[in-house]
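**Q** Let me see the structure of the following:
(one chain, ligands or ions: 1)
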Amino acid sequence: MATKTQDTYDVLVVGSGASGGWAAKRLSEAGVKVALVDAGRPLRITDLNEHGSGLELPYRGLSSEIVRKTRPVQKECYACTERNYDWFANDLEEPYTTAKDKPFSWQGRMRVTGGRTTVAGVGARVATATRQAHRRIPAPLRARSAAAALSGSSATG
Ligand SMILES: Cc1cc2nc3c(=O)[nH]c(=O)nc-3n(C[C@H](O)[C@H](O)[C@H](O)COP(=O)(O)OP(=O)(O)OC[C@H]3O[C@@H](n4cnc5c(N)ncnc54)[C@H](O)[C@@H]3O)c2cc1C
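**A** Numbering: from 1, shown residues only. Alright, predicted model coming up:
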């Protein structure tokens, strides 16, 4: 629920996705007083249930028509399923327009904190997104150099 506050901030970041979330983190770490707002609701731990059985869902995860009723555009996105469709913008309540000759299927319009990071996933499969985020460390990025050192060649990388 929204609350009123008298606090003042140095920076207001709008949107808590990868862009806004990261900006808020870095600014806060630098000592800036940041307010982060998002049009979506906070995710609850109970929302993170994509590895559960589809049998727990009212339509067993099989009814794309249920999703399409309120998210006809969002449903075109493979990650918008019976399990998580209320994370996505309601296309009927929040429509958008395009130029007549330039139709655009604007998928992945999220309305939860974290934005699209909540559904993005490298190698995501049809049923739902996997939410993998690959964290890079120096070792794999230097694998070629390490292999070259072992074989005695001069490759770098
Ligand atoms: C299904 C899917 C899979 C993807 N897979 C990958 C992948 O494997 N690898 C990869 O690199 N990228 C992937 N992406 C793309 C990546 O997720 C996005 O590029 C990135 O997360 C976008 O971050 P953002 O902060 O720019 O925007 P968003 O994540 O869209 O964040 C915008 C935020 O702003 C909020 N907001 C919107 N309007 C307002 C308003 N008026 N007031 C307040 N808040 C507002 C929204 O609620 C949302 O939380 C994928 C995207 C999708 C949809």
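**Q** domain parsing for the chain?
**A** According to automatic domain parsing, the chain comprises the domains 1-37, 47-151.
**Q** Lowest average pLDDT across those domains?
**A** Ranked by mean pLDDT, those end with domain 47-151 in last place, scoring a mean of 85.
**Q** neighbours of R116, just the number please.
**A** Using other Cβ atoms under 10 Å, R116 has 19 neighbouring residues. Any C-beta I mention is one placed from the backbone N, CA and C, and that applies to glycine too.
**Q** er, F104 actually
**A** 10.
**Q** tell me which element the residue nearest to it when sequence neighbours are not counted is part of?
**A** Among residues not flanking F104 along the chain, T98 sits closest, at 4.9 Å (Cβ to Cβ, 6 or more residues apart in numbering). Following DSSP states H and E, one finds T98 outside all helices and strands.
**Q** how close does T98 get to F88?
**A** From T98 over to F88 the distance is 18 Å, taken as Cβ to Cβ, to the nearest Å.
**Q** Look at the two and report which has more neighbours.
**A** Neighbours were counted for T98 and for F88 using other Cβ under 10 Å; F88 has more, 28 against 10.
**Q** Quick check: phi and psi on that one?
**A** Phi and psi for F88, reported as degrees, to the nearest 10, are phi -90, psi 150.
**Q** residue contacts, the spatially closest residue to it that is not a sequence neighbour?
**A** Distances taken as Cβ to Cβ, 6+ apart put Q74 closest to F88, at 4.0 Å, once the chain neighbours are dropped. Taking Cβ atoms under 8 Å, 6 or more residues apart in numbering, we find Q74 in contact with 67, 80, 85, 88-89, 91, 107-109.
**Q** if we go to 6 Å?
**A** Each residue near Q74 by Cβ atoms under 6 Å, 6 or more residues apart in numbering is listed here: 80, 88, 107.
**Q** Near the ligand, which residues of the protein are found?
**A** 14-20, 37-40, 77, 79, 108, 110-111, 115-117, 119-122, 124, 129 (Cβ under 6 Å from any ligand atom).
**Q** hey, which of the domains of the chain is tucked in deepest?
**A** Compared across the domains of the chain, domain 47-151 shows the largest average neighbour count, a mean of 14 (mean count of other Cβ atoms under 10 Å).
**Q** What is the end-to-end distance of that domain?
**A** The distance separating the two terminal residues of domain 47-151, taken as Cα to Cα, to the nearest Å, comes to 49 Å.
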